[in-house]
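> Need a 3D model of the following:
(one chain, ligands or ions: 1)
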Amino acid sequence: MSAIIQMQDLTKYYGKHRGVEGLTLTIEEGEVFGYLGPNGAGKTTTIRLLLDFIRPTRGWAKVFGLDTREHSIEIRRQVGYLPGELALYENLRADQLLRFFANLRGGVDWAYVEELAERFQFDMSRKIGQFSRGNKQKLGIIQAFMHKPKLLILDEPTSGLDPLMQQEFYRLIDEVRAEGRTIFFSSHILPEVERVCTRVGIIRDGQLVDVQDIATLKQRALRRIEFRFAEPVPHGAFDNLPNVTNVEYNSHTVRFTVQGQVDPIIKAVASYTVEDVVSHEVSLEEVFMAYYRTTPEKEVQHA
Ligand SMILES: Nc1ncnc2c1ncn2[C@@H]1O[C@H](COP(=O)(O)OP(=O)(O)OP(=O)(O)O)[C@@H](O)[C@H]1O
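Below is the predicted model:
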């Protein structure tokens, strides 16, 4: 394995305002790395530093082992980049713009472009100016993936996509991953990061607060689970289960918060007749809260 992205003390201040600070991180070839953080955390700033659209105040970054400041043209040639906000030529048709990019980059298989357009139900013959936000996002995805780059840098790629198209996008990510290519993508949606990534970095207030593989993050995640039973359940029946807190009994229903494995709970509820079960996805905020509760105090003062 070789390092595809390296950051060392990477720091960007906008005047006195902190963008990101002290980012040190290595992403290896073949990783699908999720860069997770709430709005304003510094995700876009990091991506813009990697592509040399802005320059660091301190520290450095390398992509493919090349310094981002000295070799930005070479780096960008080998990267598929989806910006958070696309600036496009509104008067062109989508296929004209894609042909233009294909000619600039060279080596693009047009049949693959057509395949992507079909998969995303994207009509390339329409003018870009007429597109909805979702269609513009599809166009952004197609241009990022069309030349099969060895590194994809994607800024909130699923924003504006409907759920079906999101699923298609996740399949595309899986394919790129199976081919051993590398993806760095920012998101504020934990379930999608869980779905497609191998590792995740959590950024908050401009700083990288944790880097974990997905399995570890899942262990920390909180989940609210509700069971409805055919018969009333005795109060206290599930009070002493491992990993469970905040148990609420209400006649036929029981709700609780779970952190970590659900297996002991499933075994315990199985002695009653379960009519329904609802598991609420954890919000990123809850994951952060769970994270901060287990972080040494001096590190959480800024949280
Ligand atoms: N051009 C700029 N001038 C001044 N401050 C900026 C500029 N760009 C970003 N910032 C600030 O830097 C911080 C990080 O912003 P950034 O856009 O990188 O966050 P983000 O995680 O990508 O958020 P979002 O999900 O909202 O895009 C924020 O506090 C933001 O206000």
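
> Count residues in the vicinity of R255, would you?
Neighbours of R255 under the rule other CB atoms under 10 Å: 17. In short, each C-beta sits where N, CA and C put it, glycine included.

> That one: what's it in contact with?
Shown in contact with R255 (CB atoms under 8 Å, 6 or more residues apart in numbering): R224, I225, E226, F227, N246, V247, E248.

> try I141
If you count contacts by CB under 8 Å, 6+ apart, I141 has them with L82, L116, F120, P157, F169, L172.

> Among these, which are located in strands?
Per DSSP state E, strands hold the following members of these: L82.

> Most neighbours among the contacts of I141, which one?
In terms of neighbours by other CB under 10 Å, the contacts of I141 top out with P157 at 26 neighbours.

> who are the neighbours in contact with that one?
Contacts of P157 by CB under 8 Å, 6+ apart are L82, Q137, G140, I141, F169, F185, S187.

> Let me know the closest of the contacts of R255 to the ligand.
The ligand lies nearest to R224 out of the contacts of R255, by CB to the nearest ligand atom, at 25.3 Å.

> Make sure that closest one is actually in contact with S279.
Yes - counting by CB atoms under 8 Å, S279 is a contact partner of R224 at 7.4 Å.

> Give me the more crowded residue out of these two.
Shown here are R224 and S279; by other CB under 10 Å, R224 has more neighbours (16 against 12).

> Next, work out how far apart that one and N250 are.
From R224 over to N250 the distance is 14 Å, taken as CB to CB, to the nearest Å.

> And for L241?
Applying CB to CB to L241 and N250 gives a distance of 17 Å.

> Comparing the two, which residue is more hemmed in?
L241 (16 against 12).

> do you know how far R18 is from R119?
Going from R18 to R119 by CB to CB gives 40 Å.

> oh sorry, the question was meant for T57
From T57 across to R119, the span is 41 Å (CB to CB).

> A221 too?
31 Å.

> With adjacent residues omitted, what lies nearest to H280?
R224 (4.3 Å; CB to CB, 6 or more residues apart in numbering).

> who does the one you found bridge with?
According to DSSP bridges, the residues that bridge with R224 are T257, H280.

> Is V108 in contact with A102, as I believe?
Yes - between V108 and A102 there is a contact under CB under 8 Å: 3.8 Å.

> which residues do these two both contact?
Common neighbours of V108 and A102 are listed as M146, H147 (criterion: CB under 8 Å, 6+ apart).

> Tell me the buried residues in stretch 216-224?
L217, K218, R220, A221, L222, R223, R224 (16 or more other CB atoms under 10 Å).

> for stretch 90-107, same thing?
By 16+ other CB under 10 Å, the buried positions in stretch 90-107 come out as R93, A94, D95, L97, L98, R99, F101, A102.

> Report the buried residues of stretch 234-252.
So stretch 234-252, judged by 16+ other CB under 10 Å, has buried residues A237, F238, L241, N243, V244, V247, Y249.

> The residues you listed into a markdown table, with extra columns for pLDDT and distance to the ligand?
Listed next are those as a markdown table, based on pLDDT from 0 to 100; distance: CB to the nearest ligand atom, whole Å:
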| residue | pLDDT | distance to the ligand |
| --- | --- | --- |
| A237 | 88 | 43 |
| F238 | 88 | 38 |
| L241 | 88 | 37 |
| N243 | 85 | 31 |
| V244 | 89 | 33 |
| V247 | 90 | 36 |
| Y249 | 93 | 40 |
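
> ok, those residues vs I202, which is closest?
Distance to I202, by CB to CB, is smallest for N243 among these, at 21.6 Å.

> isn't that closest one right next to I265, touching?
Yes - counting by CB under 8 Å, N243 does reach I265; the two are 7.4 Å apart.

> Now list whatever residues contact both of these two.
Common neighbours of N243 and I265, counting by CB under 8 Å, 6+ apart, are V258.

> pLDDT wise, what is the residue lying closest to V113 once chain neighbours are set aside at?
The shortest distance from V113 to any non-neighbouring residue, by CB to CB, 6+ apart, is to M146 (5.1 Å). At M146, the model reports a pLDDT of 96.

> Could you tell me how many residues sit around M146?
21.
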